[in-house]
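Enquirer: below: sequence and its predicted model.
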Amino acid sequence: METRIRERLRDLAEEAPTGRTLPATVRRRARRRIGVTLAVGVVVVAAAALGVSQGLRLISERPARPARQQDARVFAPGRIAVGGFERIVAVDPADPTATEDLSLVTNVGQSPVDWSEDGSMLLIARSPFGGVEAPAVELLVHYADGSEEVLVEGQGILGGSFSPDGTQVVFARAGEGPEGEPVDSLFVVPVGGGTPRRIEDGGEYPAWSHPVWSPDGERIYYFGVFRDGADDAPGLAWTNADGSGDGFLVGDLLLPEVEGGTAGLAWSPDGARLAFAGISEAGHRAVYVVNADGTGLTELIGSDDERYGWPTWSPDGSRIAFVAGKRLMTMNADGTDVRELATARELGTAPVRGRIAWNPVAA
């Protein structure tokens with residue numbers, strides 16, 4: 001099983017999967033999930049340099065976590081969490097030189113995934129250093145009082161999101177079906193810990209990655225696959241939060257913009273639009289917005305040369321932060337007034353290697 005999962009992760013990280021023979025539709029689907037879909041989804045970084053046993057040791061020998069306190073502390077409002085190798089930092093967009101190190105451990109790759117609406121919790125994905133064969137991943141909650149709580153451990157975790165009330169987390173996980181074919185699934189787990197509950201089993205609209213809870217808490221949106229005859233079409237899908245039903249929101253509208261992969265999915269604060277980054281088969285990379293009903297797809301910024309990823313909204317919805325190469329950027333919600341906040345070197349991390357997340361509590 002471990003070998004099959006490693007091959008699955010490698011397929012997700014490569015433009016043209018190798019190492020095993022897949023059905024034609026699965027090969028087409030896997031080609032679309034190039035590195036931006038996986039690498040940024042969980043910061044699956046490196047066991048090759050350290051070895052598998054060393055990579056596992058880095059997680060198993062982490063310092064003891066501080067005991068969870070009962071106060072209601074919150075993180076500094078309005079800051080952007082940026083992850084990568086070694087560190088997670090929270091950046092003040094009004095003064096990018098003002099940063100706060102949120103890392104409790106080192107020698108691991110770690111990435112912010114989502115903030116809770118009240119700003120008291122940060123969802124983090126953590127992995128030992130290595131290549132695409134990283135042996136383990138933790139999805140955990142980092143509290144403002146400095147304590148942490150691991151929600152799930154394992155391989156193939158692809159993004160996550162807090163429920164609006166902060167009591168649950170949804171995440172995607174790559175797996176395999178009975179015949180060894182890739183099957184992606186969505187799970188919900190209580191923030192306090194417990195057994196993850198599968199709510200989408202890779203049936204009619206199998207999940208790729210980046211699940212996000214709708215602002216009303218009723219549905220979970222994600223990048224899925226619409227099986228249309230002999231081909232698979234990527235697009236936005238949804239499932240009811242209780243797993244009772246699903247549907248496909250946007251299909252052909254996204255072709256060919258996201259055939260090469262996706263990077264992030266984020267709701268605007270007013271619940272009217274979704275932002276995401278996509279890569280076409282031709283290599284065009286861009287940040288897009290689309291209305292909540294699946295209409296009005298708009299490219300905000302794009303390039304055939306620059307790498308864009310991980311759009312996240314400011315608390316008031318007026319600006320969007322995103323990653324461009326190794327730079328942390330912001331722009332107006334209509335794509336104007338593009339600004340560079342900081343580089344990876346200035347932050348002491350590598351934004352291109354992980355997600356970013358804007359604290360929804362206004363400064």
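Expert: Noted; the coordinates are in hand.
Enquirer: contacting residues for residue 282?
Expert: 256, 260, 304 (CB atoms under 8 Å, 6 or more residues apart in numbering). In this view, the C-beta of every residue, glycine as well, is placed from N, C-alpha and C.
Enquirer: repeat that for residue 254.
Expert: 234-236, 278, 297 are the contacts of residue 254 under CB under 8 Å, 6+ apart.
Enquirer: quick one: which of those is most hemmed in?
Expert: Counting neighbours by other CB atoms under 10 Å, residue 278 leads those with 29 neighbours.
Enquirer: using the three-state scheme, assign that one.
Expert: Secondary structure for residue 278, judged by DSSP: H, G, I helix; E, B strand; the rest coil, is strand.
Enquirer: beta partners for it?
Expert: residue 262, residue 286 (DSSP bridges).
Enquirer: okay, the contacts of residue 254 in a markdown table with pLDDT and distance to residue 120 next?
Expert: Output for these, formatted as a markdown table (pLDDT from 0 to 100; distance: CB to CB, whole Å):
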| residue | pLDDT | distance to residue 120 |
| --- | --- | --- |
| 234 | 70 | 34 |
| 235 | 79 | 34 |
| 236 | 85 | 29 |
| 278 | 89 | 32 |
| 297 | 90 | 34 |
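Enquirer: run a quick neighbour tally on residue 334.
Expert: So residue 334, with other CB under 10 Å, has 11 neighbours.
Enquirer: where does it land in three-state SS?
Expert: Under three-state DSSP, residue 334 comes out as coil.
Enquirer: surely it touches residue 299?
Expert: No - here residue 334 does not reach residue 299: they are 11.3 Å apart, not a contact under CB atoms under 8 Å.
Enquirer: from the contacts of residue 254, which is closest to residue 108?
Expert: residue 278 (28.5 Å; CB to CB).
Enquirer: wait, the closest one sits on residue 265?
Expert: No - contact criterion CB under 8 Å: residue 278 and residue 265 do not qualify, at 10.3 Å.
Enquirer: ok, back up a step: switch the contacts of residue 282 over to JSON lines; also include secondary structure, distance to residue 324 and neighbour count.
Expert: Output for the contacts of residue 282, formatted as JSON lines (DSSP: H, G, I helix; E, B strand; the rest coil; distance: CB to CB, whole Å; neighbours: other CB atoms under 10 Å):
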{"residue": "256", "secondary structure": "coil", "distance to residue 324": "22", "neighbour count": "15"}
{"residue": "260", "secondary structure": "coil", "distance to residue 324": "17", "neighbour count": "23"}
{"residue": "304", "secondary structure": "coil", "distance to residue 324": "13", "neighbour count": "10"}
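Enquirer: out of these, which is nearest to residue 79?
Expert: residue 260 (31.3 Å).
Enquirer: so which of the contacts of residue 254 sit within strands?
Expert: 234-236, 278 (DSSP state E).
Enquirer: of those residues, which is the nearest to residue 166?
Expert: residue 236 (24.0 Å).
Enquirer: any idea how far that closest one lies from residue 113?
Expert: 19 Å (CB to CB, to the nearest Å).
Enquirer: what of residue 94?
Expert: Residue 94 is 24 Å from residue 113, by CB to CB.
Enquirer: now swap in residue 267 and tell me
Expert: For residue 267, the distance to residue 113 - CB to CB - is 14 Å.
Enquirer: likewise residue 215?
Expert: 17 Å.
Enquirer: what about the two, which has more around it?
Expert: Neighbours per residue, other CB under 10 Å: of residue 215 and residue 113, the larger number sits with residue 113, 29 against 16.
Enquirer: how about the contacts made by that one?
Expert: Contacts of residue 113 (CB under 8 Å, 6+ apart): 123-125, 139, 159-161, 355, 357.
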